[in-house]
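Colleague: Sequence first, then the predicted structure, then my questions.
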Amino acid sequence: LAYLDYNATAPVRPEARQAALAAMSTVGNASSTHRSGRDAADRVDLARRQVADLLNCSHGEIVFTSGATEANNLALRAAFAAGGQLVTSAVEHPAVLETAKAITAELPQALTVLSVDVDGLVDLEALHEALAAGNVAVVSLMAANNETGVLTDLAPVVKAAHDAGALVHTDATQLVGRLPINLTETDVDLLSLSAHKFGGPQGVGALFVRRGAALPYRPLLFGGGQERGWRAGTLNVAGIAGAGAAAEAARHGMAAEVPRITRLRDSLENALVEQIGDCRVNGAVDRRLPGVSSITFHRAPADAILASMPDVAASDGSACSSGAPTPSHVLLAMGRSREDADSTVRFSLGYATTAEDIDRAVASTVRAVHHVRGTLASAT
Ligand code: PLP
């Protein structure tokens, strides 16, 4: 199988598996004061430092969660606790968009959803207007889009938001571990990540909370006060240890992985566009994650394409919405038709993708698209 669905989840890195298994092979609650408990706490401490090193922040700024969905919920609920305006974009992951809608349900005028252009880039003019209208509590814009890979230039967003007294949250789930991020330079207040996107286990993530950020204390889970009170509950030591080891491996591998994955993605994309024709690559091509290619194959529904190539794991839309009959809100926000959205396949590559995977994906996709187009043409 050519696995090209890293934006849904990445294979667990061997380092992460080993760290998680080692943690699971010992007993101890990270909150206990005996030796076993301290051993668990040490594993969590190490992982906290490893994740912090990947982000270039302090380990005291990391709150472990069950994933990016929880981190996004925690960030937005806390940042919006005192009211004001919440500004986000039309192409965010449902973990941000649905949270934003839920917490402003009683005050729909408190939510501003910024539009994007045909390339998927957020309308900065509209951001400035929203900030100028006053009373913005938080601006939440994703660092990289899960469907198109399009990157947000966070620096001007942070500057404008901070000048207006607003906090900045970024859902960096798809960026962390794939491209460098330096939180001493990128001055966001809150950042969400998920370990399984960069080779850690599923079900573990983190929220970065900048020290000194004016964030009202508003945990989602109350209880034993773990994670400095931000997230009660016995820590998932094995998952966290795996996340830390994956973060370290991603950090060490990044300098080599970024150009290698970019080359593989470009060769996949160029071959498909050349050999298939009548297709369109979605998103700002020179401002994307290295491993993502979203391609609309006109006159060929994506579900039929994917069903015709069982030896390739790719995605129609995002994993969380596939299976649901709704078209991609990201592509619709970029001005694509419903038909185009339904004819779009997302290929996403990562650290273990090989040239053989790409060769196989090209051959299978070319065959599948021609087959689907041929079947549809003969049916009409
Ligand atoms: N945010 C983005 C951009 C994502 O791509 C995903 C996962 O697909 C999430 C949030 C949710 O992450 P998790 O499944 O770890 O909660």
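Modeller: Cool, the structure landed. Numbering: from 1, shown residues only.
Colleague: make it CA atoms for all contacts and neighbour counts henceforth
Modeller: Will do.
Colleague: okay, the residue lying closest to C57 once chain neighbours are set aside: pLDDT?
Modeller: Closest residue to C57 apart from its sequence neighbours, by CA to CA, 6 or more residues apart in numbering: L183 at 5.7 Å. Listed pLDDT for L183 reads 98.
Colleague: try N29
Modeller: With respect to pLDDT, N29 has a value of 88.
Colleague: pretty sure it contacts G37?
Modeller: Yes. At 4.8 Å, N29 counts as touching G37 under the criterion of CA atoms under 8 Å.
Colleague: can you tell me how far the residue nearest to C57 sits from V139?
Modeller: L183 sits 17 Å away from V139 when distances are taken as CA to CA, to the nearest Å.
Colleague: Between the two, which has more neighbouring residues?
Modeller: Using other CA atoms under 10 Å as the criterion, L183 and V139 rank with V139 on top: 27 against 20.
Colleague: on contacts alone, who are the packing partners of the helix or strand harbouring S192?
Modeller: In this assignment (DSSP states H and E), S192 forms part of strand 190-194. In terms of contacts (3 or more CA pairs under 8 Å, 6 or more residues apart in numbering; DSSP states H and E), strand 190-194 is packed against helix 68-79, strand 167-171, strand 205-209.
Colleague: Okay, angle between the longest one and strand 190-194 too, please.
Modeller: On the basis of axes from the mean of the first three to the mean of the last three CA atoms, to 10 degrees, helix 68-79 is oriented at 160 degrees to strand 190-194.
Colleague: by how many degrees do helix 68-79 and strand 205-209 diverge?
Modeller: Helix 68-79 and strand 205-209 are oriented at 30 degrees to each other (the same axes, to 10 degrees).
Colleague: Specify the angle between the strand holding S192 and strand 167-171 in degrees.
Modeller: Using the same axes, to 10 degrees: strand 190-194 against strand 167-171 is 10 degrees.
Colleague: do strand 190-194 and the ligand meet at all?
Modeller: Yes. Looking at strand 190-194 against the ligand by CA under 6 Å from any ligand atom, the contacts come from S194.
Colleague: Helix, strand or coil: sort out the residue nearest to C57 for me.
Modeller: Of the three states, L183 takes coil under DSSP: H, G, I helix; E, B strand; the rest coil.
Colleague: just use 78 as the starting number from now, easier for me
Modeller: New numbering, starting at 78: the last item is L260.
Colleague: neighbours of A290, just the number please.
Modeller: A290 has 13 nearby residues by other CA under 10 Å.
Colleague: What sits closest to it if chain neighbours are left out?
Modeller: D266 (6.1 Å).
Colleague: ditto for A326
Modeller: E92 (7.1 Å).
Colleague: Show me which residues of the protein sit near the ligand.
Modeller: Counting by CA under 6 Å from any ligand atom, the chain sits next to the ligand at A85, G144, A145, T146, H170, A172, N222, N223, D248, T250, Q251, S271.
Colleague: try 5 Å
Modeller: Residues of the chain that fall close to the ligand, judged by CA under 5 Å from any ligand atom: G144, A145, T146, N223, T250, S271.
Colleague: residues touching the fifth one, list them.
Modeller: Right, T250. A145, A220, A221, S269, L270, S271, K274 (CA atoms under 8 Å, 6 or more residues apart in numbering).
Colleague: will you turn the helices and strands packed on strand 267-271 into TSV that also has mean pLDDT and mean neighbour count?
Modeller: TSV is the format used below for these (pLDDT from 0 to 100; neighbours: other CA atoms under 10 Å):
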stretch	mean pLDDT	mean neighbour count
helix 145-156	98	25
strand 244-248	98	26
strand 282-286	98	27
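Colleague: now for the ones you listed, which one comes closest to N133?
Modeller: strand 282-286 (10.8 Å; CA to CA).
Colleague: can you pull out the strands in the stretch 328-457 of the chain?
Modeller: Taking DSSP state E, counting those that start in this stretch as the criterion, the stretch 328-457 of the chain contains strands spanning 356-358, 369-374, 389-390, 421-425.
Colleague: Need the winner for burial among those strands.
Modeller: strand 421-425 (a mean of 27; mean count of other CA atoms under 10 Å).
Colleague: Domain map for the chain?
Modeller: 79-85+331-456, 91-326 (automatic domain parsing).
Colleague: chain center to the longest one: distance?
Modeller: Taking the mean C-alpha point of domain 91-326 and that of its whole chain, the gap between them comes to 10 Å (CA atoms, centre = their mean, to the nearest Å).
Colleague: what's the span of it, first residue to last?
Modeller: 9 Å.
Colleague: what bits of the protein have low per-residue confidence?
Modeller: 394-402 (pLDDT under 70).
Colleague: so what does the top helix by length along the chain touch, helix or strand wise?
Modeller: Assignment by DSSP state H gives helix 314-353 as the longest helix of the chain. Other helices and strands packing on helix 314-353, by 3+ CA pairs under 8 Å, 6+ apart, are helix 91-101, helix 112-132, strand 369-374, helix 432-456.
Colleague: Check the stretch 228-377 of the chain for the residue nearest the ligand and tell me.
Modeller: Closest residue of the stretch 228-377 of the chain to the ligand, CA to the nearest ligand atom: S271 (4.5 Å).
Colleague: is that residue in a bridge, and if so with what?
Modeller: G282 (DSSP bridges).
Colleague: Contacts only, for it.
Modeller: Contacts of S271 (CA under 8 Å, 6+ apart): G144, A145, T250, Q279, G280, V281, G282, A283.
Colleague: What residues does the nearest residue to the first one once chain neighbours are set aside make contact with?
Modeller: Nearest residue to G144, sequence neighbours excluded (CA to CA, 6+ apart): G282, at 3.7 Å. Residues touching G282, when contacts are defined by CA under 8 Å, 6+ apart, comprise F141, T142, S143, G144, A145, A148, S269, L270, S271, A272, A320.
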